[in-house]
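Q: I need the structure of the sequence given here:
(2 chains)
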Amino acid sequence: GENVEQHPSTLSVQEGDSAVIKCTYSDSASNYFPWYKQELGKGPQLIIDIRSNVGEKKDQRIAVTLNKTAKHFSLHITETQPEDSAVYFCAASRVGQGAQKLVFGQGTRLTINP
Amino acid sequence: DVKVTQSSRYLVKRTGEKVFLECVQDMDHENMFWYRQDPGLGLRLIYFSYDVKMKEKGDIPEGYSVSREKKERFSLILESASTNQTSMYLCASISVDQPQHFGDGTRLSIL
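A: Numbering: from 1, shown residues only, chains lettered A, B, ... in the order given. Reported below is the predicted structural model:
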């Protein structure tokens, strides 16, 4: 089955700097890669996703890149702000083959220092 | 906007009790999921359901069962609660070609 590894487990950056979180996956058939942000006391919320037919996707300060050959994908947050502090999860799944089962990474606790 | 509602935010139960966690979604989604979240382990899939009365085991189903009698409701059942089931439980729902939407979780403590 699919296995997703996420690094680092904790990340601390100065406000205004960039943050990068990396994930690798094992199943070459996975074709959908979402990123979730979880704030304290809340459930995970989707912030960006990418499908395997594109290499990069950007939404304002957030971008995701995908390298299918190497089976890894990354989340990039630029110009970080205090409200970016949260736990971030990557996930992988095969869309289009039955119920969409996501396999999650272990999570990264991001702290933005003012 | 999709809303996934978990009936309890915090729950304290005793070892050996039968525990019910309830989840309701309001968007007529076919697929619903139960995860548990533990520090350093991410979210792990317990069970999922792709239709009423249908269920499939996830990665860690031992000690749990589920019930889906109506499309909008998916219940997680701990048949005989044990201390190692103390965790955060998250419910999610999804429709075809849409991202998963999560509830805010139930923090369950088994004493």
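Q: Quick check: beta-bridge partners of the residue of chain B found nearest chain A?
A: Here the residue of chain B nearest chain A is residue B:102; by C-beta to the nearest C-beta that distance is 3.5 Å. C-beta here means a position set from N, CA and C on the backbone, and glycine is covered the same way. In this entry, residue B:102 is beta-bridged to residue B:92, by DSSP bridges.
Q: in chain B, which spans are helices?
A: Taking DSSP state H as the criterion, chain B contains no helices.
Q: ok, which residues in it are in contact with chain A?
A: With C-beta under 8 Å from any C-beta of the partner chain as the criterion, chain B comes near chain A at residues B:4, B:30-31, B:33, B:35, B:40-45, B:48, B:50, B:56, B:58-59, B:90, B:92, B:94, B:97, B:99-105.
Q: got the buried residues for stretch B:82-97?
A: For stretch B:82-97, a neighbour-count test (16 or more other C-beta atoms under 10 Å in any protein chain shown) marks B:85-95 as buried.
Q: Taking those together, which two end up most distant?
A: B:86 and B:95 (31.9 Å; C-beta to C-beta).
Q: Could you list the low-pLDDT ranges of chain A?
A: A:96-99 (pLDDT under 70).
Q: residues from it in reach of chain B?
A: Residues of chain A lying near chain B by C-beta under 8 Å from any C-beta: A:1, A:4, A:6, A:9, A:34, A:36, A:41-46, A:49, A:89, A:95, A:98-107.
Q: 7 Å instead?
A: Within chain A, the positions near chain B by C-beta under 7 Å from any C-beta of the partner chain are A:9, A:34, A:41-44, A:46, A:49, A:89, A:95, A:98-102, A:104-107.
Q: which residues sit in contact with the residue of chain A found nearest chain B?
A: Residue nearest to chain B within chain A: residue A:43 (3.5 Å; C-beta to the nearest C-beta). The contact partners of residue A:43, by C-beta atoms under 7 Å, 6 or more residues apart in numbering or on different chains, come to B:90, B:102-105.
Q: Equivalent analysis for residue B:52, please.
A: B:68-71.
Q: Among those, name the buried ones.
A: B:68, B:71.
Q: Let's see which of the residues of chain B next to chain A end up in strands.
A: B:4, B:31, B:33, B:35, B:42-45, B:48, B:56, B:90, B:92, B:94, B:101-102 (DSSP state E).
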